[in-house]
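>>> What shape does this take:
(one chain, ligands or ions: 1)
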Amino acid sequence: MNWRKGFYGVAVAAVLTIITAMQLQSKQQTILTQVNSEKWPFSLPALPFSYDALEPAIDAKTVDIHYSRHHKAYVDALNKALAGTKWSGYRLEELFAVADTLPPAIRNNSGGHWNHTFYWNCIRSPMANPGPSKKMLTLLEKNFGSFEEFKAKFKETGVTEFGSGWAWLVVKPDGSLALYASNDQANPLTEKLGKPILACDVWEHAYYLKYLNRRDEYMDAFWNVVNWQRVEELLDSAVSLPQPK
Ligand SMILES: [Fe+2]
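Have a look, this model is predicted:
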């Protein structure tokens, strides 16, 4: 019967979608776990999705160059800068704890490596991408008034960052959520502001090929690729982990 074939087809497609989403979630957890446990020499983590997975919000060529050239360049430069130094036995978060004392080449490239890994870990394909859960929405409403206000303030944080940098959503030590813009490759860990749960790279290399100088349009499109399931996982782990001192 045709309706049975149709039903089974839909059911199989739904199961495959769920399995694919679970595999992606696992890969995204893995790259962050990997980068948090590594010491010199660091390696470029596998991108958890294909270059074209973020289309049309973020184009394939941008993802390719961003990952295989820019992110890789931070890893290579970090390994070179750390070689033979007293910091070569440090994990990245240990380097961030003493960021003020680090030579610029180590500080900038360690941030560049971690920030990009974090960015890949919290974005995903816009196809069948669910929005924030009821729990996440309630928390955003409590901290920012409404989901729309949160998005507007996050966008403002990134658009008004002068030059190159990042927009972050962080969990502060008191459990509240806050927005933060970092310059160059600083991040909430180097600045001891809390645990990051979402990041948007606002360096021009993250959007210029498609959006030219229109950072605001890139940030509007960014909402289509935010992996809210991953953000919530990070939120849950952040509130159960020690905060930076
Ligand atoms: Fe970048």
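>>> Kindly report the residues of the chain close to the ion.
201, 203, 206 (CB under 5 Å from the ion). Just so you know, the C-beta spots here come from the backbone N, C-alpha and C atoms, and that holds for glycine as well.
>>> And the helix or strand containing Ala81, what's buried?
Ala81 belongs to helix 72-82 when assigned by DSSP states H and E. Residues 74-75, 77-79, 81-82 are the ones in helix 72-82 that count as buried (16 or more other CB atoms under 10 Å).
>>> pLDDT of whichever helix or strand comes after it, averaged?
The helix or strand immediately downstream of helix 72-82 is helix 92-97, counting by DSSP H and E. Helix 92-97 shows an average pLDDT of 95 in the prediction.
>>> tell me which element the residue nearest to the spatial centre of the chain falls in.
With distances taken as CA atoms, centre = their mean, the residue of the chain nearest its centroid is Tyr119 (2.1 Å). Using DSSP H and E, Tyr119 falls within helix 104-121.
>>> Output the buried residues of helix 72-82 in JSON lines, with distance to Val225 and pLDDT appended to each entry.
Putting the buried residues of helix 72-82 into JSON lines (distance: CB to CB, whole Å; pLDDT from 0 to 100) gives the following:
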{"residue": "Tyr74", "distance to Val225": "21", "pLDDT": "98"}
{"residue": "Val75", "distance to Val225": "23", "pLDDT": "98"}
{"residue": "Ala77", "distance to Val225": "27", "pLDDT": "98"}
{"residue": "Leu78", "distance to Val225": "26", "pLDDT": "98"}
{"residue": "Asn79", "distance to Val225": "29", "pLDDT": "98"}
{"residue": "Ala81", "distance to Val225": "31", "pLDDT": "98"}
{"residue": "Leu82", "distance to Val225": "32", "pLDDT": "98"}
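>>> By mean pLDDT, flag the weakest helix or strand of the chain.
Scoring the helices and strands of the chain by mean pLDDT, DSSP states H and E places helix 2-37 at the bottom, with a mean of 72.
>>> So which residues make contact with the very next helix or strand once past that helix?
Downstream of helix 2-37, the next assigned helix or strand under DSSP H and E is helix 60-65. Contacts to helix 60-65, defined as CB atoms under 8 Å, 6 or more residues apart in numbering, come from residues 47, 50-54, 205-210.
>>> Taking these, please make a ChimeraX selection of just the buried ones.
To isolate the buried ones among the contacts of helix 60-65 in ChimeraX, judged by 16+ other CB under 10 Å, type:
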select :47,51,53,54,206,207,209,210
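>>> As JSON lines, the contacts of helix 60-65 with pLDDT would be great.
Shown next, in JSON lines, are the contacts of helix 60-65 (pLDDT from 0 to 100):
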{"residue": "Leu47", "pLDDT": "96"}
{"residue": "Ser50", "pLDDT": "96"}
{"residue": "Tyr51", "pLDDT": "98"}
{"residue": "Asp52", "pLDDT": "97"}
{"residue": "Ala53", "pLDDT": "96"}
{"residue": "Leu54", "pLDDT": "97"}
{"residue": "His205", "pLDDT": "97"}
{"residue": "Ala206", "pLDDT": "98"}
{"residue": "Tyr207", "pLDDT": "98"}
{"residue": "Tyr208", "pLDDT": "97"}
{"residue": "Leu209", "pLDDT": "97"}
{"residue": "Lys210", "pLDDT": "97"}
